[in-house]
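> requesting a structural model of the entry that follows:
(chains A and B)
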Amino acid sequence: MANLKNIDKKTKAQEMGMHTEVLTGRTQQKFFNPDEAENFYYFGTYDVDFNKRTDLDVKDMTAADANKKIDSLMSEGYGTIVIKNPQGKHSLGVGILNKLNLIFEGSLGYFGMGSCDGPTVRINGRVGWSCAENLMAGKVVIEKNAGSCFGAAIRGGDLICKGSVGARTGIDMKGGTIIIGGDAGAFTGFMMQRGRIIILGDVGINLGDSMYDGTIFIGGEIGSYGSDAVDAELTKDDQNWLRRKLRVAEIGEKFDVSKMKKIVAGKKLWNYDNLEPTEKKGAI
Amino acid sequence: MCGIAGLIHRGKSSNVGSELQGMLQALKHRGEDSTGYALYGDTDGKNFIMRFKVGENVGEGSSSIVEDVSVYDERKKIVDQALAELGAKIVKEERTLPYSLRYEIAYDKKDLLEFSQRIESIPGVEILSMGKSLEVIKDLGNAKAVCDRYSLDKLVGTHAIGHARMATESGVDIKSAHPFWGYPFSDVSVVHNGQLTNYWNNRRALENKGMRFMSECDSELIAVYIAQKMREGASLEEGMRDSLSGLDGVFTYFVATKNSLGMAKDTMAAKPLVLYESDDLVAMGSEEIAIRSVLPQEIDTYDPFDGEVKVWQI
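Residues are numbered from 1 along each chain as shown, chains lettered A, B, ... in the order given. Prediction:
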């Protein structure tokens, strides 16, 4: 745990004149009080009933029209919506800031379920690039494979792919958990800043390249480590957490987590730990 | 951004012109400055098919200089004369548009280098493709516009690759459009999505070895690079694997020959590709919606990994 009081902000880079500004610790200010959470709400969210179910065939609809229709159905109280014939369309299911049980009977294209906060989603197919980008909370399960940039910049929630994923999974992620049942491509965890990635299969080259923080667990072979990524000890707590997470995700329940490799950031960036206390990072 | 698509039927022929049109039209949002098709049709294999242009499309959006149409006829006459001098006999002649021609040629030499150099020494003339099965058709506009203009929807064959182009580093013209012929090899074509950063270094080295470039489009380098590797004795797959280290930048590209279709993805995996593979059909494209245009039913697809090279035979 970083001791903020003892950290000297003036680094060698500053001494060399590369950085002249002095950090003020701006982001250490308290922006959010959990005691006041009930006073926060999203504009345009709805009370929905999970037992109220409907189907929506989007075969002849544009993504924009389909997303508007989903919003309209939620406003009518539908809490379970089954999307028929998505046929690889891009940008389906984006911007849902609501509790919702959403099921896709087919595959999605790019940016599926992007910028969502709260829904529980099952995709009985495959997804293209940037699935669930910026996910804040909720759960997205993909039954088949996924493209590159899977879970880019997510801040929370669980993102599960039962098949294999492309390159740059979890790029820039800031929280949440990504679980992959198969293999993952190059640059997995590239520039990740928080959260956890679990890969049960093999992973490509440059794993965890330029990662700031966060943890990556790998069950198979690693193509190569990226800059700043190093091995860490897999603790009993880690193993218990992995077992629970895999059980809840209904994926690899019998996987021997004790043989998994744990990868973390080996280098502290010159200002990263000054910006946010470690305790706060751990809470998300 | 650009989009690429390709498909290969294994053990049978199909209406590949119409199928590729559907795939490329589904990708038109990735660019519709120009669209190109490399179609491998069913032929008797006796004659060469030469697709060539004697001028540019100077329609709306073109970056080409307007020429008097009469120069096209003069260039065509010089081509006809050059073919006669080379001992090539024109069996069939089609002129779809004033600047675009298709010849079926009886020519018994296997080495097309001398042939190509002679024809392309005529100012304003470029061979778009040469082969016993391959036909490269490329022009300005989206996939449907080009398909309608050249009546490609009825073409039957085994495999095809195509490209929907958003012009970035070179002009909006036919010479910069994909696919590129793997000059001077019969029936070799290439489409590419991405950027190559060591274009000029490679180009200078290849030009010193006698290879020709017709445009300043970086994608042309892939066709020339692989053609040179094959000239040195490498197989198609070996040439493609070599390109992963020889070419710098981000790329996904397809190469097709008379009997095969291959894909390669750079080691950064920065450019998209979705792949469907079964015993009788392989279909791939920059986005899944391209594949959906020929396979609307639920299918299993995946993204090839970084540095992956695959080649399929018909």
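> next to chain B, which bits of the stretch 1-150 of chain A? Give me the list.
Residues of the stretch 1-150 of chain A lying near chain B by Cβ under 8 Å from any Cβ of the partner chain: A:87-90, A:106-107, A:109-110, A:125-126, A:128-129, A:144-148. All C-beta atoms are positioned from the backbone trio N, CA, C, and that covers glycine.
> just want the most central residue of the chain.
Picking chain A for this. Among the residues of chain A, the one closest to the centroid is A:I154, at 3.8 Å (Cα atoms, centre = their mean).
> switch to chain B, that's the one I care about
Taking Cα atoms, centre = their mean, chain B has its central residue at B:P179, 2.4 Å away.
> surely that one is in contact with B:L39?
No. In this structure, B:P179 is not within contact of B:L39 by Cβ atoms under 8 Å, at 9.7 Å.
> how many neighbours does residue 105 have?
If you meant another chain, say so; for now it's chain A. When neighbours are counted by other Cβ atoms under 10 Å in any protein chain shown, A:E105 registers 16.
> nope, chain B
A count of nearby residues for B:I105, using other Cβ under 10 Å, gives 18.
> show me the contacts for A:G189.
Contacts for A:G189 (Cβ atoms under 8 Å, 6 or more residues apart in numbering or on different chains) come out as A:169-171, A:173, A:197, A:207-209, A:211, A:214, A:216, A:226, A:229, A:263.
> mark which of the residues you listed are buried, thanks.
A:169-171, A:173, A:197, A:207-209, A:211, A:214, A:216, A:226, A:229, A:263 (16 or more other Cβ atoms under 10 Å in any protein chain shown).
> and these as a markdown table, adding distance to A:T45?
Listed next are these as a markdown table, based on distance: Cβ to Cβ, whole Å:
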| residue | distance to A:T45 |
| --- | --- |
| A:T169 | 29 |
| A:G170 | 27 |
| A:I171 | 29 |
| A:M173 | 25 |
| A:I197 | 29 |
| A:L207 | 38 |
| A:G208 | 36 |
| A:D209 | 38 |
| A:M211 | 34 |
| A:G214 | 29 |
| A:I216 | 33 |
| A:G226 | 39 |
| A:A229 | 39 |
| A:I263 | 37 |
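> redo the residues you listed as TSV? Include secondary structure, distance to chain B and pLDDT.
Shown next, in TSV, are the buried ones among the contacts of A:G189 (DSSP: H, G, I helix; E, B strand; the rest coil; distance: Cβ to the nearest Cβ, whole Å; pLDDT from 0 to 100):
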residue	secondary structure	distance to chain B	pLDDT
A:T169	coil	11	97
A:G170	coil	14	97
A:I171	coil	12	96
A:M173	coil	18	94
A:I197	strand	17	97
A:L207	strand	12	96
A:G208	coil	15	96
A:D209	coil	11	94
A:M211	coil	17	91
A:G214	coil	21	91
A:I216	strand	17	97
A:G226	coil	12	94
A:A229	strand	17	93
A:I263	strand	18	95
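> which other residues reach the strand or helix carrying A:S72?
Secondary structure assignment for A:S72, by DSSP states H and E: helix A:63-75. Contacts with helix A:63-75, where a contact means Cβ under 8 Å, 6+ apart, come from A:44, A:46, A:48, A:54, A:56, A:58, A:61, A:81, A:83, A:89-96, A:98, A:100, A:102.
> how about a cut-off of 6 Å?
A:46, A:48, A:56, A:58, A:81, A:89-92, A:98 (Cβ atoms under 6 Å, 6 or more residues apart in numbering or on different chains).
> so which of these is the closest to B:G31?
Within these, the smallest distance to B:G31 is 15.6 Å, found for A:H90 (Cβ to Cβ).
> ok, now which ones touch residue 223?
By default, I'm working from chain A. A:204-205.
> meant chain B actually
By Cβ under 6 Å, 6+ apart, the contact set of B:A223 is B:180, B:182, B:190.
> highest neighbour count among these?
Counting by other Cβ under 10 Å, top hit in the contacts of B:A223: B:F180 with 33 neighbours.
> mind checking how far that one is from B:V255?
10 Å (Cβ to Cβ, to the nearest Å).
> any buried residues in the helix holding A:S72, and which?
A:63, A:66-67, A:70, A:73-74.
> same deal with stretch A:241-256?
A:241-243, A:245-246, A:249, A:251-252, A:255.
> follow-up on the earlier one: find the residues that touch each one of B:F180 and B:V255.
Shared contacts of B:F180 and B:V255 (Cβ under 6 Å, 6+ apart): B:V190.
> grab the longest strand from chain A for me.
Ranked by residue count, the top strand of chain A under DSSP state E comes out as strand A:49-57.
> returning to what we had before: could I get the contacts of B:A223 as TSV with pLDDT and distance to B:V16?
Below are the contacts of B:A223 laid out as TSV (pLDDT from 0 to 100; distance: Cβ to Cβ, whole Å):
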residue	pLDDT	distance to B:V16
B:F180	91	19
B:G182	87	19
B:V190	93	17
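> which of the residues you listed fall in helices?
Using DSSP state H, no member of these sits in helices.
> tell me the one of those nearest B:N15?
Checking the contacts of B:A223 one by one against B:N15 (Cβ to Cβ), the nearest turns out to be B:V190, at 23.2 Å.
> from A:G128, how far out is the residue nearest to that closest one when sequence neighbours are not counted?
Leaving aside its chain neighbours, B:V190 sits nearest to B:A223 (4.0 Å; criterion: Cβ to Cβ, 6 or more residues apart in numbering or on different chains). Distance, B:A223 to A:G128, by Cβ to Cβ: 28 Å.
> what about stretch A:249-264, start to end distance?
23 Å (Cα to Cα, to the nearest Å).
> what of stretch A:203-215?
Start to finish, the residues bounding stretch A:203-215 are 15 Å apart (Cα to Cα).
> swap in stretch A:70-81?
Using Cα to Cα, one end of stretch A:70-81 lies 8 Å from the other.
> do stretch B:61-80 as well
The straight-line separation of the ends of stretch B:61-80 (Cα to Cα) is 31 Å.
> in that stretch, what's buried?
B:62, B:64, B:72, B:75-76, B:78-79.
> stretch B:152-161 now?
For stretch B:152-161, by 16+ other Cβ under 10 Å, it's B:152, B:155, B:157-161.
> go on, stretch B:188-208?
Neighbour counts over stretch B:188-208 (16+ other Cβ under 10 Å) mark B:188-196, B:199, B:202-203, B:206 as buried.
> dump the C-alpha coordinates for stretch A:142-156 into PDB.
Presented in PDB, the C-alpha positions along stretch A:142-156 are these (Å, rounded to 0.1, in the frame of the first residue of the first chain):
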ATOM      1  CA  ILE A 142     -21.200 -13.800 -24.600                       C
ATOM      2  CA  GLU A 143     -21.800 -17.500 -25.500                       C
ATOM      3  CA  LYS A 144     -19.400 -17.600 -28.500                       C
ATOM      4  CA  ASN A 145     -16.300 -15.600 -29.500                       C
ATOM      5  CA  ALA A 146     -15.600 -11.900 -29.300                       C
ATOM      6  CA  GLY A 147     -13.500  -9.500 -31.400                       C
ATOM      7  CA  SER A 148     -10.800  -7.100 -30.300                       C
ATOM      8  CA  CYS A 149     -10.900  -4.400 -27.700                       C
ATOM      9  CA  PHE A 150     -13.300  -6.500 -25.600                       C
ATOM     10  CA  GLY A 151     -14.300  -4.600 -22.500                       C
ATOM     11  CA  ALA A 152     -12.300  -1.500 -23.500                       C
ATOM     12  CA  ALA A 153     -12.200   1.100 -20.700                       C
ATOM     13  CA  ILE A 154     -14.800  -0.700 -18.500                       C
ATOM     14  CA  ARG A 155     -15.300   0.800 -15.000                       C
ATOM     15  CA  GLY A 156     -17.300  -1.900 -13.400                       C
END
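> chain center to the top helix by length along chain B, what's the gap?
For chain B, the longest helix by residue count, based on DSSP H, is helix B:70-86. In terms of Cα atoms, centre = their mean, to the nearest Å, the centre of helix B:70-86 is found 24 Å from the chain centre.
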